[in-house]
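Asks: Need coordinates for the below:
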Amino acid sequence: MDTMDTGFFVAWFEEAARLVRRDRDRLTELDAAIGDADHGTNLDRGLTEVTKALAEWPPSSPVQVLSSAGATLIRRVGGASGPLYGSVFRQMSKALDTPVTLAGFAAAFDQGVVALQRLGKAALGDKTMVDALTPASRALALAVRDGVGAREAFEQAARAAAEGAKATIPLQARKGRASYLGERSVGHEDPGAASAALFMAALATAAA
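Replies: Predicted coordinates:
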């Protein structure tokens, strides 16, 4: 897979919607421990709206897929996760060059993660979705440097995101609602990091 077309990006969000629907209760349970107990249901609803929008108004380019998904998530997902995820995809849409190569995707994804960090004022180790997406972005950059193919690159990014999400369990939250719990946030996986890992797993599946 030398380049990624519109269909690839649509498949990414369709698979993300499927994985979030499958894991909706787990995400909500994670959020119940350290948040508002609505992350799974909110994100499931938002991604359902994303796939509906992509079906009703078929995009003509990868940029349009990302722009539509980002705008829909901002409008339809309650809490902080809608604006945060939306900022990632909207920034990606602004930074993406076409045709979309792995290097171009990795660069745009990195800019999306930077936008997320700026909006959420979160850094690696704060126990947020940044802890999954930053390792994923780094994995993609390394794959580009090493000349790895897109399919393997996305698999590496998915593994990095999953490991990053699990690594939030022993952390004390420093951002978001979980930070109000102080030491009581230790021992729980961050729900945002968990859902971010699902987005990256969906990316790997779309590439396969």
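Asks: does the residue located most distally from the centre of the chain count as helix, strand or coil?
Replies: Outermost residue of the chain with respect to the C-alpha centroid, by CA atoms, centre = their mean, is residue 183; its distance is 26.3 Å. Assigned with DSSP: H, G, I helix; E, B strand; the rest coil, residue 183 falls in the helix class.
Asks: contacting residues around it?
Replies: By CB atoms under 8 Å, 6 or more residues apart in numbering, residue 183 lies in contact with residue 172. In this view, the C-beta of every residue, glycine as well, is placed from N, C-alpha and C.
Asks: same question, residue 53
Replies: Under the criterion of CB under 8 Å, 6+ apart, the neighbours of residue 53 are 68-69, 72.
Asks: now residue 69
Replies: Counted by CB under 8 Å, 6+ apart, residue 69 has contacts 13, 50, 53-54, 86, 89.
Asks: will you turn those into a markdown table that also has distance to residue 26 and secondary structure?
Replies: Formatted as a markdown table, the contacts of residue 69 follow (distance: CB to CB, whole Å; DSSP: H, G, I helix; E, B strand; the rest coil):
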| residue | distance to residue 26 | secondary structure |
| --- | --- | --- |
| 13 | 20 | helix |
| 50 | 20 | helix |
| 53 | 26 | helix |
| 54 | 25 | helix |
| 86 | 23 | helix |
| 89 | 23 | helix |
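Asks: ChimeraX command to pick out the buried ones of those residues?
Replies: Entered in ChimeraX, the line below selects the buried ones among those, by 16 or more other CB atoms under 10 Å:
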select :13,50,53,54,86,89
